[in-house]
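Chemist: could you look at this predicted model? Sequence included:
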Amino acid sequence: MLDYDAEADRYDETRGGVPRAEAAAEAVLRLVPPGARTLLDLACGTGLVTERLTRPGLRVYGADAAPGMARRAVRRVRGGVVLADARALPLPDGSVDAVSAVWLLHLVPFSAAIVAEAARVLRPGGVFVATVDKDAAHDVGSDIDRVLAPYRSHGRASDRGDLIAATATAHGLAPADATRFTGHGQGATPRRTAENLRRGYYASWFDGSPGATVALTTDLADLPDQDRPRADPAYRLVSFRRPVRRD
């Protein structure tokens, strides 16, 4: 996994910036019930998405495990930011109306623990909203994707939609709605993909072995239009609701 403290200074500019953040925030809000009053954004990073989760009557908080990220987020997130592991939130049971996890579950091998913790802190009627199948979304059928195909294995992804749905169900959450949004500025180029491979950006599906890295970067260097972005990905966002008990 990347060192997100080290990445904090350049994170926004390398992740699509404001257009992608706005698209993500709009999509999250489409899945948050109108009556929600509190939302906790897990792994909020620099707060670029979190600060755009605005709606009258909705108070938004952020949580991140990386101090460098949290220091930047606190300047943007009005509700406040807590330094916390998403598997052990400093919140009581049933304390928030919504929990969001945008571009988090694909990064970690313990996505099930994060889903379980989100379920714990949700009130009845509350929703957990998360991106799923992120790496698969980046496979847009381009020439770059054809080079990467022998090394990709979406079946091992920790944010597979079926896996997250099964885990949510096991912790008392029921499938609700889903939507998609465009990852503006995330269309891959051969040159940037090669640089990202060297920097370890694709750890969720690529083992980073020196031999494979050399083979892939060599093949990528042979592609035309080294700096022309291919198609932007379309991310999938799903939600799960904690049922309201009716005695």
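Modeler: On my side now, so go ahead.
Chemist: so what pLDDT did the nearest residue to Arg192 once chain neighbours are set aside get?
Modeler: Leaving aside its chain neighbours, Arg192 sits nearest to Asp227 (7.9 Å; criterion: CB to CB, 6 or more residues apart in numbering). Any C-beta I mention is one placed from the backbone N, CA and C, and that applies to glycine too. Predicted confidence (pLDDT) for Asp227: 98.
Chemist: residues contacting Asp227?
Modeler: Thr189, Arg191, Arg192 (CB atoms under 8 Å, 6 or more residues apart in numbering).
Chemist: also Arg236?
Modeler: By CB under 8 Å, 6+ apart, Arg236 lies in contact with Thr131, Val132, Asp133, Ala137, Gly161, Ala178, Thr179, Arg180.
Chemist: and if you look at His106?
Modeler: Thr131, Lys134, Asp135, Ala157, Ser158, Asp159, Ser204.
Chemist: a markdown table for those, including pLDDT and distance to Ala116?
Modeler: What follows is these, written out as a markdown table (pLDDT from 0 to 100; distance: CB to CB, whole Å):
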| residue | pLDDT | distance to Ala116 |
| --- | --- | --- |
| Thr131 | 98 | 18 |
| Lys134 | 94 | 20 |
| Asp135 | 92 | 22 |
| Ala157 | 91 | 18 |
| Ser158 | 95 | 14 |
| Asp159 | 97 | 15 |
| Ser204 | 80 | 20 |
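Chemist: just the ones in strands from the residues you listed, please.
Modeler: Residues of these located in strands (DSSP state E): Thr131.
Chemist: save the contacts of His106 as JSON lines, and put in neighbour count and distance to Ala43 too.
Modeler: What follows is those, written out as JSON lines (neighbours: other CB atoms under 10 Å; distance: CB to CB, whole Å):
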{"residue": "Thr131", "neighbour count": "26", "distance to Ala43": "11"}
{"residue": "Lys134", "neighbour count": "23", "distance to Ala43": "13"}
{"residue": "Asp135", "neighbour count": "20", "distance to Ala43": "16"}
{"residue": "Ala157", "neighbour count": "21", "distance to Ala43": "16"}
{"residue": "Ser158", "neighbour count": "20", "distance to Ala43": "13"}
{"residue": "Asp159", "neighbour count": "25", "distance to Ala43": "12"}
{"residue": "Ser204", "neighbour count": "19", "distance to Ala43": "14"}
